[in-house]
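1. sequence-free structure coming up:
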């Protein structure tokens with residue numbers, strides 16, 4: 001044991017204090033530390049072997065050993081000495097191994113650390129407990145890296161019915177971090193009045209200091225009839241300020257059938273906008289008339305849009321024509337699709353993707369008669385749970401597509417009902433007839449019929 005203890009590693013006198021090494025170790029000092037760590041690890045192996053040797057006569061006294069004649073008390077004392085030596089060496093390893101780890105971290109560029117963090121950190125919904133906010137609590141080095149690039153803070157969700165966001169906003173404010181995507185989940189109720197929420201100093205300061213950096217804004221609101229602030233305040237608070245980098249605007253109104261003519265006109269300032277999403281038009285059938293100043297956009301998604309409750313023209317007549325020269329993607333989820341059948345013809349020369357959805361027993365394909373889409377490549381039709389009349393299906397292939405002369409590549413029917421075989425008295429289109437019509441389109445490569453749940457289905461044009 002005495003011989004073994006003489007081999008114990010000793011901290012070289014040429015090494016500076018540990019605190020200095022942790023801050024910045026030179027290559028020479030790192031080499032010395034690595035040698036010390038290796039010596040400690042080798043010494044630990046020898047101590048473990050000696051410990052087994054001393055335990056052997058005690059644990060297996062019947063087996064012959066060169067320590068069989070050594071009294072048990074002396075063996076126990078030796079075991080205690082080795083135990084103390086192991087603990088001492090473990091402390092030494094725990095002290096100096098981080099020096100090597102720190103140096104390895106310092107050799108990795110911050111940009112690479114950012115990419116690692118982006119990869120391992122998915123988009124988290126609540127920043128006060130997850131995502132980069134959690135990374136910044138690990139250590140000072142990670143905190144510095146997490147604060148170095150705002151790509152690590154892509155999204156923040158704020159709700160007026162909870163205060164969980166307060167810690168996150170305080171953190172973002174102190175570090176001067178502006179998230180790219182901001183979501184407002186707003187519930188208007190007695191316990192969570194919207195006017196109080198937007199009057200909150202922390203919310204006000206956050207919006208004022210970061211709004212110019214947002215690339216996506218999503219506003220989700222639920223209104224209860226008896227308790228509400230004027231929606232003019234809500235809309236103006238979020239949409240009237242300049243947002244020069246905003247590329248996507250999503251406005252969702254749930255649980256209301258209110259006419260929005262009384263909110264006043266909002267002149268939006270979003271010169272970089274590319275995608276506009278308006279949801280649930282029982283609340284926003286005429287909201288498009290109140291939001292003005294939009295630049296030409298590329299993608300327009302309207303879900304639940306129908307004819308306005310007071311008989312005024314729909315968004316198709318009043319706003320969509322102004323976007324004809326730029327629009328490449330259009331999604332229409334028609335709550336009152338029958339109202340769209342007749343009206344002003346819509347010419348969209350650059351539109352390549354069109355998703356049309358509705359619910360009507362006479363089919364929605366006839367809505368296409370209003371459109372002229374010479375560049376259309378991808379068409380999705382959704383008629384929720386209804387059969388498509390044979391004459392309506394035939395018009396798609398014999399009338400609309402030939403008129404458009406478009407290079408259609410994919411056609412998908414979602415939540416449609418087709419008869420598997422045979423033609424019934426109601427002239428419901430069959431799968432065979434659908435496939436026959438589709439093969440008459442020379443550019444069509446993909447034909448699918450899928451359930452509402454979106455389950456994967458084979459391409460009818462390639463399946464046996």
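-> Structure's in. What do you need? Treat the numbers as computed from the prediction; the structure is a model and nothing was measured. Numbering: from 1, shown residues only.
2. Could you tell me how far stretch 247-254 lies from the centre of the chain?
-> Mean C-alpha position of stretch 247-254 versus that of the full chain (CA atoms, centre = their mean, to the nearest Å) differs by 15 Å.
3. The stretch 301-450 of the chain: strands as residue ranges?
-> Secondary structure of the stretch 301-450 of the chain (DSSP state E, counting those that start in this stretch): strands located at 329-334, 346-347, 353-358, 371-372, 378-383, 410-414, 446-450.
4. Against which helices or strands is the first one packed?
-> Right, strand 329-334. If you count contacts as 3 or more CB pairs under 8 Å, 6 or more residues apart in numbering; DSSP states H and E, strand 329-334 packs onto strand 299-305, strand 353-358. Where you see a C-beta, it was placed from the backbone N, CA and C, and this is true even at glycine.
5. what's the distance between the nearest residue to residue 438 once chain neighbours are set aside and residue 92?
-> With sequence-adjacent residues excluded and distances taken as CB to CB, 6 or more residues apart in numbering, residue 438 is closest to residue 447, at 4.6 Å. Between residue 447 and residue 92 the computed distance is 70 Å (CB to CB, to the nearest Å).
6. returning to what we had before: so which of the helices and strands packed on strand 329-334 gets nearest residue 50?
-> strand 299-305 (72.4 Å; CB to CB).
7. Switch the strands of the stretch 301-450 of the chain over to TSV; also include mean pLDDT, distance to residue 266 and mean neighbour count.
-> Shown next, in TSV, are the strands of the stretch 301-450 of the chain (pLDDT from 0 to 100; distance: least, CB to CB, whole Å; neighbours: other CB atoms under 10 Å):
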stretch	mean pLDDT	distance to residue 266	mean neighbour count
strand 329-334	84	23	21
strand 346-347	86	25	16
strand 353-358	88	27	20
strand 371-372	90	29	19
strand 378-383	87	31	21
strand 410-414	88	34	20
strand 446-450	85	39	18
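8. Which of these sits closest to residue 250?
-> The closest of the strands of the stretch 301-450 of the chain to residue 250 is strand 329-334. By CB to CB, the value is 12.3 Å.
9. now the angle from the closest one to strand 353-358?
-> Counting by axes from the mean of the first three to the mean of the last three CA atoms, to 10 degrees, strand 329-334 lies at 0 degrees to strand 353-358.
10. if we can go back for a sec, could I get the helices and strands packed on strand 329-334 as CSV with distance to residue 33?
-> Output for the helices and strands packed on strand 329-334, formatted as CSV (distance: least, CB to CB, whole Å):
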stretch, distance to residue 33
strand 299-305, 56
strand 353-358, 59
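11. Just say helix, strand or coil for residue 63.
-> Following DSSP: H, G, I helix; E, B strand; the rest coil, the label given to residue 63 is coil.
12. what's the least confident helix or strand in the chain, going by average pLDDT?
-> Every helix and strand of the chain was ranked by mean pLDDT, DSSP states H and E. The lowest is helix 281-284, at a mean of 50.
13. Surely residue 365 is in contact with residue 395?
-> Yes: using CB atoms under 8 Å, residue 365 is in contact with residue 395, at 6.4 Å.
14. who has more neighbours, these two?
-> When residue 365 and residue 395 are compared for neighbours, residue 365 comes out ahead with 24 against 17, by other CB atoms under 10 Å.
15. mind listing what residue 296 touches?
-> Residues in contact with residue 296 (CB atoms under 8 Å, 6 or more residues apart in numbering) are 323, 325-326.
16. Most neighbours among the residues you listed, which one is it?
-> Among the contacts of residue 296, the one with the most neighbours (other CB under 10 Å) is residue 323, at 19 neighbours.
17. Mind checking what secondary structure the residue of the chain most remote from its centre has?
-> In the chain, the residue that sits farthest from the middle, by CA atoms, centre = their mean, is residue 69; the gap is 71.5 Å. Residue 69 falls in the coil class when you classify it by three-state DSSP.
18. what's the pLDDT at it?
-> At residue 69, the model reports a pLDDT of 74.
19. So which of the contacts of residue 296 sit within helices?
-> Nothing among the contacts of residue 296 maps onto helices, per DSSP state H.
20. Dump these into JSON lines; add pLDDT as well.
-> Below are the contacts of residue 296 laid out as JSON lines (pLDDT from 0 to 100):
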{"residue": "323", "pLDDT": "75"}
{"residue": "325", "pLDDT": "83"}
{"residue": "326", "pLDDT": "90"}
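21. In JSON lines, list these along with distance to residue 376.
-> Formatted as JSON lines, the contacts of residue 296 follow (distance: CB to CB, whole Å):
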{"residue": "323", "distance to residue 376": "16"}
{"residue": "325", "distance to residue 376": "16"}
{"residue": "326", "distance to residue 376": "16"}
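22. What is the burial count for residue 145?
-> Neighbour tally, residue 145, other CB under 10 Å: 24.
23. next one: residue 214
-> Around residue 214 there are 23 residues (other CB under 10 Å).
24. how about it, what does it touch?
-> 178-182, 243, 245-246 are the contacts of residue 214 under CB under 8 Å, 6+ apart.
25. how about low-confidence regions in the stretch 351-464 of the chain?
-> Applying pLDDT under 70 to the stretch 351-464 of the chain picks out residues 359-363, 384-390, 415-429, 451-456, 463-464.
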